[in-house]
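Novice: This is a predicted model, with the sequence first.
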Amino acid sequence: QVQLVESGGGLVQAGGSLRLSCAAAGRTFRNYAMGWFRQAPGKERDFVAGISWSGPITLYADSVKGRFTISRDNAKNTVYLQMNSLKPEDTAVYYCAARARLTAGPHDDYDYWGQGTQVTVSS
């Protein structure tokens, strides 16, 4: 079992930045690929970014490429999502997820999910 807790969400103006964190507890964090997803009101949950278990392989949704950066610190059992140049359309609940595979993927076939953190971008 892996417990995931997101933090760092909040209200920010368009063009601003936020850094989300996801702290993991339970099984060996480094054995899991990690992903960030988001869900806006009335919409499906969408993939945002993913990172392989060892960190060198990352994957991004086209909508966030060049603006968001995913990283992980296996010593701290934490994955991060640095979000820059935020837009109102980035407003959503952001979830981190873990799966027992080497690489992350864009589909929601992850084994564990956090409770989410709200990100609101005002225009």
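Specialist: Structure received.
Novice: Give me the pLDDT value at the residue most central in space within the chain.
Specialist: Geometric centre of the chain, nearest residue: W36, 2.5 Å, by CA atoms, centre = their mean. As predicted, W36 sits at a pLDDT of 98.
Novice: Apart from its chain neighbours, what residue comes closest to Y94?
Specialist: R38 (4.8 Å; CB to CB, 6 or more residues apart in numbering). Where you see a C-beta, it was placed from the backbone N, CA and C, and this is true even at glycine.
Novice: Tell me which helix or strand comes right after the helix or strand containing that neighbour.
Specialist: R38 is part of strand 33-39, with elements assigned from DSSP states H and E. Toward the C-terminal end, the helix or strand that comes next after strand 33-39 (DSSP H and E) is strand 45-51.
Novice: for that following strand, packing partners?
Specialist: strand 33-39, strand 58-60, strand 68-73, strand 78-83 (3 or more CB pairs under 8 Å, 6 or more residues apart in numbering; DSSP states H and E).
Novice: can I get these in TSV with distance to R27?
Specialist: Formatted as TSV, the helices and strands packed on strand 45-51 follow (distance: least, CB to CB, whole Å):
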stretch	distance to R27
strand 33-39	13
strand 58-60	22
strand 68-73	15
strand 78-83	15
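Novice: closest to G15 out of those?
Specialist: strand 78-83 (11.4 Å; CB to CB).
Novice: For the closest one, list every residue counted as buried.
Specialist: Neighbour-count burial for strand 78-83 flags 78-81, 83 (criterion: 16 or more other CB atoms under 10 Å).
Novice: Turn those into a markdown table, including distance to T103 and pLDDT.
Specialist: Shown next, in a markdown table, are the buried residues of strand 78-83 (distance: CB to CB, whole Å; pLDDT from 0 to 100):
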| residue | distance to T103 | pLDDT |
| --- | --- | --- |
| T78 | 19 | 95 |
| V79 | 14 | 97 |
| Y80 | 18 | 98 |
| L81 | 17 | 98 |
| M83 | 22 | 98 |
